[in-house]
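Trainee: Quick one, fold the following:
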Amino acid sequence: MNNSTHIFTSYEKFVIAILALLQFTVVLDFMVLSPLGAILMPRLNISTSQFGLVVSAYAFSAGASGFCAAGFADNFDRKKMLLFFYTGFVCGTIFCGLVNSYALLLCARVITGIFGGVIGSISFAIITDTFSMQVRGRVMGVVQMAFAASQVLGIPVGLYLATRLSWQAPFMMIAAVATIIWVVIFFKLKPVTEHLRGKQDKNAFIHLWHTASNPLYVRGFAATMLLATGGFMIMPFSTAFLVNNILIPETRLSEIFFITGIASIITGPYLGKQADKYGKFRLFIFGSILSMIMVMIYTHLGPNPVWVVILTNIVLYTGISSRMISSSALISGVPEIKDRGAYMGINSSIQQVSGGIASFVAGLIIFQPAKNAPLQHFDTVGYVAACSMFITLGMMFVINRQVSIKNNVVNP
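Mentor: Residues are numbered from 1 along each chain as shown. Coordinates of the predicted model:
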């Protein structure tokens, strides 16, 4: 059946919806910390480098956890794995909502990352097991809307709760929503065990080694390493940049994220359809070029009205969404079914660690001479992010050719 006319069954629609909602909570848990930076840094009296470490702590622990769990990922029902790690994620998020010091917050982010870092890889393994490459762009387009939805619903609400109640309140909100999703998954999602029928390494560590050392898979890991750099370097300090450099009032931040997120929700599914129709690598080229241009514009902005910032954000996130949707679909086509769990786990681990390093390095590059003073060297971070995007173009070209040969299709 032609991918553009494929009609999803009611259960397939449920799988897409519930995984999108699940990703919403996990992404929001990470993303909500970034816009809280302008509020959290003065409240806890921490520097930009310390805040960068708080953001990175989640990524580092998620990366380590994802790598350790990767060897076991193909030996169990993916539904049971998902529920186990989602339970830990909910508990860690509640911990984040109870702490009131830098040290405890750092500890809470580590615990949340240990469990949250594995959820994404399990979700993408379920998607890859359930949907063919020909329609995966559409599926990824919807699931990746979690990033946009976290802006439209989560970040504005999170900022509202943080400014009206406390900075811990958004984490309690996320934990409440995640608990409801956990219950739905427990009762409604069918077991995912197709991968257990293939021949696998009995020893989890041998399976991990075989997957990690496979030359065909290493290309995907290398691309993921650089794909994470751009966003993770800019995102954690975006609100502090908007408030201190562009002179946007804190009360207008939720408005900026809300409108940007609405635009992303509209464009996400459309971009996914275009990926399936015209080619995932072509969409990646478009998104990369647009992102490089907009990153350079964004990181060099001075004082501007809110509408200019909103317009800039919308175009920037369109480019970023194009890269995310197309690269996720392409990279998901690299592993064999018997290796998907391990591959996705390692891939997620590399993404998290790379993002953590990027956030930490950005915190070292960016300098704030005094409280509420403009951030210095934010433009330098923009140059580094743009360079990483350019390099990944060549790396994704190789992966695109590899996936095309494997699936016997043109322009997958």
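Trainee: Excluding chain neighbours, what is closest to Ala169?
Mentor: Once flanking residues are discounted, Ala169 sits nearest to Leu161: 3.8 Å by C-beta to C-beta, 6 or more residues apart in numbering. For every residue, glycine as well, the C-beta is placed using N, CA and C.
Trainee: I figured that neighbour was touching Met173, is that so?
Mentor: Yes: assessed by C-beta atoms under 8 Å, Leu161 is found in contact with Met173 at 6.4 Å.
Trainee: Who are the packing partners of the one helix or strand Asp276 maps to?
Mentor: Assigned by DSSP states H and E, Asp276 belongs to helix 253-278. Under the contact criterion of 3 or more C-beta pairs under 8 Å, 6 or more residues apart in numbering; DSSP states H and E, helix 253-278 touches helix 133-143, helix 145-149, helix 155-164, helix 238-244, helix 280-298, helix 306-332.
Trainee: Next, the buried residues of that helix.
Mentor: For helix 253-278, the neighbour count (16 or more other C-beta atoms under 10 Å) marks 253-261, 263-265, 267-269, 271-276 as buried.
Trainee: how far is it from where the chain is centred?
Mentor: Relative to its parent chain, helix 253-278 has a centroid offset of 15 Å by C-alpha atoms, centre = their mean, to the nearest Å.
Trainee: Could you pull out the buried residues of stretch 356-370?
Mentor: By 16+ other C-beta under 10 Å, the buried positions in stretch 356-370 come out as Gly356, Ile357, Ala358, Ser359, Phe360, Val361, Ala362, Gly363, Ile365, Ile366, Gln368.
Trainee: now, which of those residues sits nearest Pro374?
Mentor: Gln368 (7.8 Å; C-beta to C-beta).
Trainee: got the contact list for Leu98?
Mentor: Ala108, Gln168 (C-beta atoms under 8 Å, 6 or more residues apart in numbering).
Trainee: helix, strand or coil for it?
Mentor: At Leu98 the chain is in coil, as set by DSSP: H, G, I helix; E, B strand; the rest coil.
Trainee: Could you verify my assumption that Gly302 touches Asn245?
Mentor: Yes: applying C-beta under 8 Å as the test, Gly302 and Asn245 come out as touching, 7.1 Å apart.
Trainee: Put the alpha carbons of stretch 363-382 into PDB.
Mentor: Provided in PDB are the C-alpha atoms of stretch 363-382 (Å, rounded to 0.1, in the frame of the first residue of the first chain):
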ATOM      1  CA  GLY A 363      27.700  26.700  30.600                       C
ATOM      2  CA  LEU A 364      31.500  27.100  30.600                       C
ATOM      3  CA  ILE A 365      31.500  29.200  27.400                       C
ATOM      4  CA  ILE A 366      28.600  31.500  28.500                       C
ATOM      5  CA  PHE A 367      29.500  34.000  31.100                       C
ATOM      6  CA  GLN A 368      27.200  36.300  33.200                       C
ATOM      7  CA  PRO A 369      29.300  39.000  34.900                       C
ATOM      8  CA  ALA A 370      26.600  39.900  37.400                       C
ATOM      9  CA  LYS A 371      23.100  39.000  38.400                       C
ATOM     10  CA  ASN A 372      20.600  40.000  35.700                       C
ATOM     11  CA  ALA A 373      23.500  41.200  33.500                       C
ATOM     12  CA  PRO A 374      23.500  40.200  29.700                       C
ATOM     13  CA  LEU A 375      24.900  36.800  28.900                       C
ATOM     14  CA  GLN A 376      28.300  36.900  27.300                       C
ATOM     15  CA  HIS A 377      29.600  34.700  24.400                       C
ATOM     16  CA  PHE A 378      26.100  33.300  23.600                       C
ATOM     17  CA  ASP A 379      27.000  33.900  19.900                       C
ATOM     18  CA  THR A 380      30.100  31.600  20.300                       C
ATOM     19  CA  VAL A 381      27.700  28.800  21.300                       C
ATOM     20  CA  GLY A 382      25.700  29.600  18.100                       C
END
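Trainee: pLDDT wise, what is the residue minimising distance to the centre of the chain at?
Mentor: Centroid-nearest residue in the chain: Val27, 5.9 Å away (criterion: C-alpha atoms, centre = their mean). pLDDT, Val27: 81.
Trainee: Quick check: which element contains it?
Mentor: Here Val27 is assigned to helix 10-31, by DSSP H and E.
Trainee: Which is the succeeding secondary structure element to that helix?
Mentor: Using DSSP H and E, the helix or strand that follows helix 10-31 in sequence is helix 37-44.
Trainee: where are the low-confidence patches of the stretch 151-300 of the chain?
Mentor: 151-155, 195-204, 230-231 (pLDDT under 70).
Trainee: For the residue nearest to Ala169, which residues are in contact?
Mentor: So Leu161 contacts Ala169, Pro170, Met173 (C-beta under 8 Å, 6+ apart).
Trainee: I'd like the distance between it and Ile174.
Mentor: Distance, Leu161 to Ile174, by C-beta to C-beta, to the nearest Å: 10 Å.
Trainee: right, and Ala362 touches Ile234 too?
Mentor: Yes: counting by C-beta under 8 Å, Ala362 does reach Ile234; the two are 7.4 Å apart.
Trainee: Looking at Gly302 and Asn245, which one has more neighbours?
Mentor: Here Gly302 and Asn245 are compared on neighbour count by other C-beta atoms under 10 Å; more neighbours surround Asn245, at 19 against 8.
Trainee: which residue packs closest to the more buried one, ignoring adjacent ones?
Mentor: Spatially, and ignoring its direct neighbours in sequence, Asn245 is nearest to Pro374 (4.7 Å; C-beta to C-beta, 6+ apart).
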